[in-house]
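Peer 1: sequence and predicted structure are below.
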Amino acid sequence: MDDVLIAPDIDYLAVAPMIIVGVTAVVGVLVEAFAPRRPRRGIQLVLTFGALIAAFVVLISQAGTRVITGSLAIDGPSLVLQGLILLIAIVSAMLMAERRVDPAGDAFSPRASALPGSEEERVLSTRGFMQTEVWPLMLFAVVGMMLFTAANDLLVMFIALEIMSLPLYLLAGMSRRRRLLSQEAALKYFILGAFSSAFFIFGAAMLYGFSGTISLPGIADALSANPGQTPLIFIGFGLVVIGLLFKVGAVPFHQWVPDVYQGSPSAVTAFMAAAVKVAAFGALLRFLYVAFGGARWDWQPALWIIAIATMLVGSILAITQTDIKRMLAYSSIAQAGFILVGVIAVNPEGVAAVMFYLAAYGFATLGAFAVISLVRQDGGEATHLSNWAGLGKRSPVLALSMSLFMLSFAGIPLTSGFIGKFTVFEAAILADAVPLVIVGVIASIIAAFFYVRVIVLMFFTEPAEVGPTVVLPSVFTTLVLAISVAVTVILGVFPQPVLDLVEQANVFLR
Amino acid sequence: MTEIGTGEAIVFWVCAVLSVTGALGLILSRRTVHSALWLALTMISLAVLYIANAAPFLGMVQIIVYTGAVMMLFLFVLMVVGVDSADSLVETLRGQRVAAILLAVGFGVLLTAGLGSALSGIPMAGLDAANAEYGGNVEGIARLLFSDYIIAFEIVAALLITAALGALVLTHRERWRPKLTQADLMRQRIASGAPGPLPTPGVFARHNAVDTPALLPDGTLAEQSVPAPLRARGDLRPVDIGAVEETRALTEGEAVFGPTVTPVADDPGASPGERS
C-alpha cells in the first residue's frame, strides 16, 4: 500500500479541442453575469465562433493522434466525428445568429422566463431584448457531443450524454414564435430524455455487475473471458442500447422526435438533427464495436429488427405528414434507420460508411432547416406543406436548393445522399446483410415519394392566393445555405477525398 | 463466502420493505407533498442499506445530499408553488394508463426474473477487501475519483454549470421597467381620478349582494361598485326600478304599508350570469 497518489496522466493536447470549447462556454457564462447588456451578443458571437474554429484548427493539427488518455479514446472515428460536430456547430451557430429573418429579433424568445403572450414578453420583444445565454448553452452541448464520441467508459459516456442533452432540452423550449408548442416540446424532450438516461445508467450498472469494470475494453475482455451467457449481460446491453437508440431516434424510441423537431426553433432543430445524430451514432458505434464487437452474433438480430422497423416506420409515417418540420422529423427517423444498417455491418467499412453518411445527412439537414426558417408568414414560419405550393415560381434559388437537399435525402445520384446510401449498403453487403439492404432500398423508394412531393409542390403547383413570403436573409443564413449546397454537391460529385479520410480513420482504439 | 448475519438480514428486510413502500407511495399519492415525503422515506431506507453494506460514504452522501438538500429544495419548491395543488388525473390518451401499468409490470417481471436467475448462487465478495486496499471506504473512493475517474469528475462541472444556467434562464426575471416607489404609486392613484376606495355594492336596503350595483344620488348605477371579475362576466344584477320607486314613496309618506298597496315582488330573480 503506497500513500502517494500517482497523478493521472492525461494527454491534454489530445483533448485540447474539448477543453477549448468547454472553457469558452464557462467564459460565456461569466460574460452573461458581468458584461453590460448591449455588447453581450457581440461578445458571445465572437467567443462562440472563435472557440469552435480554434477547436477545429487544434483538432486538425492533432489529426494523427491515436491515444487513450484517462477514460477518453482519441482515435480515428472520434477525431473525424468531433471534427464533423465542430463543423456542424459552426454552421448551425450561423443559423442561430441570424437576426434579420424575424422582424422582432433572432429565433429565440426575448426571455425564456416570460410567460408566453404576456405583456412582459411583448415589451421585452419590442425593446429588442435577446436571450444571449443560448450561446454558452450551445457550446456546452458541443462539449457533451465531443465527449460522447470519445468516451471510452460508461460513466464518462453517461455524463457526456447529460452534458449534451441538458442544453438541448433548454434550447428546444426557447422559440420566439409559437412558444407554447416550443415549451411542450422541451418538456416532452426532457421527460423522455431523462427516462432514457435512466435506462442507460441502469444498464451500465448491470454491465458493471457482470464485468466488474465500466471501461468498454474491460467489458470486452470480461466477455471473452466468460463466454457463458448470463442474463446480466443481456439486460445491461439492452438497457444501454435503448438509451443510445433513444438519442438516435430509432423506432420504437422515436416518439419524441416529431414533437421536438416541430416545436423547437428551426436553428436548434437543425443543430439537434445534425449534431446529436453524429454524437449518438459515434457513441453507439464505440459501444457496439469496442465492448460488444466480439459478441456481435448475439446482438445483430435485435438491431436488424430495429433498423428495419426504423426505416419502414419513418418512411411510411413521413408520407402522411402535412407539416414540413414534422415530415423532416420522420425523414430523420428513416435516415437513422439507414445509418443503423451501416452500424450493423460491424466492419471497418461500416464505420467509414456511417461517418460519411452522417456528414452528408448533417449538412443537407442544416440546409433544409435554413430554408424552412426563411419561408415565413405573419412573422412566424409557414411550415404547413400547403404554404409551400408554388414556391419555385416566387423564389427559384431557395426552391432549387431545397430540392437539392430533398434529392440528397432521397439518395438520388450526384448528391451526397446517394454516395452515403451506397457506402452504407456496400458495407452491409460485405457483412452478408443482404436482406437488410433490400429493405433499405424499398424504404428509400417509399421515402423518395415524399421528398419528391415537396419538389412537385414547389415547382408544379400554382401558388396560393395569400402565400408566405420568402425573407431575404443576412449573410449568416446565406452562408449556411451556400455551405450546405456546396457540401451536398461536392460530396455527391467528388466524394473521394472524404471517403479516403473516413477510410483512414475507421478503426477504434481498444 | 461471507454469510448474512441475523442483524443484517433484519436490517435488509425492514429497509427493503420500507423503501419499496416509499416508492409505491411516491407514485400512488395524489398530493405532491405526500409524494415528496414518501420519496424521503425511500431515500433514507436506501441510505441505511448502503451503510449496512459497508459503504458509509455513499450512505452519508445519500442522506446529506439527497434527503437533506435535494428533498428539502423539492419541498421548498412545492411550498412556493402551493401545497394544495394536486395533479389533474385526466387521461388525454384513452387506455394509456392501463397499457402503461401492464407494460411496467411486464418490464418489472422481466427484470426481476433476469436478475434473480443471474444473481442466484453467486458468492458474495463483500466490500471489506476493497475498503481495506487504501485504508478505508472514503479513502478508496477519493483515490478512485482523483485517479481513474478524474475525467468524469472534472466534466461533471460542465453538467452542473449547465444545470444552474438552465434554471436561471427558465426562471430569472430581470426588471424591465423601473421599480415603482411609494411616491409613484401615490401619484398613480391620484391621477386615476378615484383616490379613495371604490363605492360599495348594494341598493338601498333591499339587496346587499356583491353583484348588485350601488345607486348614485341621481339614480344611475355605479358599475364600479361591483367587483371587476363579476363585471367582466356580465354579472350585474338588474336594479328593480319599481322597487326603488316604492321605497322612495314609502319614505316620503306618499304611500303607506298595508294590504291596499300591491306588494312589491321581492324576487331577486336570476342574475344574467347564473345558469338555471
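Peer 2: Perfect, I can see it now.

Peer 1: where along the stretch 201-350 of chain A do the helices fall?
Peer 2: Assigned helices in the stretch 201-350 of chain A, in chain order: A:216-225, A:231-248, A:256-263, A:266-271, A:277-286, A:296-319, A:324-344, A:348-374 (criterion: DSSP state H, counting those that start in this stretch).

Peer 1: among those, which is the most enclosed?
Peer 2: helix A:266-271 (a mean of 29; mean count of other CB atoms under 10 Å in any protein chain shown). (Each C-beta comes from the backbone N, C-alpha and C, glycine too.)

Peer 1: with only the CA atoms kept, save it in PDB.
Peer 2: Listed next in PDB are the C-alpha coordinates belonging to helix A:266-271 (Å, rounded to 0.1, in the frame of the first residue of the first chain):
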ATOM      1  CA  SER A 266     -35.600  25.800 -36.600                       C
ATOM      2  CA  ALA A 267     -31.900  26.700 -35.900                       C
ATOM      3  CA  VAL A 268     -32.000  24.500 -32.900                       C
ATOM      4  CA  THR A 269     -33.800  21.700 -34.700                       C
ATOM      5  CA  ALA A 270     -31.100  21.800 -37.400                       C
ATOM      6  CA  PHE A 271     -28.300  21.600 -34.800                       C
END
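
Peer 1: where does pLDDT dip in the chain?
Peer 2: The chain I'm using is chain A. A:1-3 (pLDDT under 70).

Peer 1: switch to chain B, please.
Peer 2: For chain B, applying pLDDT under 70 flags the ranges B:1-3, B:82-89, B:202-207, B:219, B:240, B:256-276.

Peer 1: which bits of it sit near chain A?
Peer 2: B:111, B:114-115, B:117-119, B:133-135, B:143, B:146-152, B:155-156, B:158-159, B:161-163, B:165-166, B:168-174, B:176-177 (CB under 8 Å from any CB of the partner chain).

Peer 1: of these, just the buried ones, ChimeraX syntax please.
Peer 2: Per 16 or more other CB atoms under 10 Å in any protein chain shown, the buried members of the residues of chain B next to chain A correspond to this ChimeraX selection:
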select /B:114,118,134,143,148,149,150,151,152,155,158,159,161,162,165,166,169
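
Peer 1: what sits against whichever residue of chain A sits closest to chain B?
Peer 2: Chain B sits closest to residue A:231 of chain A, with a gap of 3.9 Å, by CB to the nearest CB. Residue A:231 makes contact with B:114-115, B:117-118, according to CB atoms under 8 Å, 6 or more residues apart in numbering or on different chains.

Peer 1: same check on residue A:141?
Peer 2: A:163-164, A:167-168, A:171, A:271, A:275.

Peer 1: give me that answer again for 6 Å
Peer 2: A:164, A:167-168 (CB atoms under 6 Å, 6 or more residues apart in numbering or on different chains).

Peer 1: what helix or strand is it located in?
Peer 2: In this assignment (DSSP states H and E), residue A:141 forms part of helix A:134-150.

Peer 1: now the next helix or strand after that helix, how far from the chain's geometric center?
Peer 2: Using DSSP H and E, the next helix or strand after helix A:134-150 towards the C-terminus is helix A:154-172. With CA atoms, centre = their mean, to the nearest Å as the basis, helix A:154-172 stands 13 Å off its chain's centre.

Peer 1: and helix A:154-172, does that touch chain B?
Peer 2: Yes: counting by CB under 6 Å from any CB of the partner chain, contacts between helix A:154-172 and chain B involve A:155-156, A:159, A:162-163, A:166-167, A:170.

Peer 1: packing partners for that helix?
Peer 2: If you count contacts as 3 or more CB pairs under 6 Å, 6 or more residues apart in numbering or on different chains; DSSP states H and E, helix A:154-172 packs onto helix A:134-150, helix A:179-211, helix B:150-171.

Peer 1: same thing but at 8 Å, please
Peer 2: For helix A:154-172, the packing partners by 3 or more CB pairs under 8 Å, 6 or more residues apart in numbering or on different chains; DSSP states H and E come out as helix A:134-150, helix A:179-211, helix A:231-248, helix A:266-271, helix A:277-286, helix B:150-171.

Peer 1: not counting residues beside it along the chain, what's closest to residue B:23?
Peer 2: residue B:42 (5.2 Å; CB to CB, 6 or more residues apart in numbering or on different chains).

Peer 1: just checking, the one you found is part of a strand?
Peer 2: No: according to DSSP: H, G, I helix; E, B strand; the rest coil, residue B:42 belongs to no strand; its state is helix.

Peer 1: go ahead and confirm it touches residue B:16.
Peer 2: No: Residue B:42 sits out of contact with residue B:16 when judged by CB atoms under 8 Å, with a separation of 10.8 Å.

Peer 1: more neighbours: which of the two?
Peer 2: residue B:42 (21 against 13; other CB atoms under 10 Å in any protein chain shown).

Peer 1: what is the end-to-end distance of stretch A:263-272?
Peer 2: 12 Å (CA to CA, to the nearest Å).

Peer 1: mind checking the SS state of residue B:188?
Peer 2: helix.
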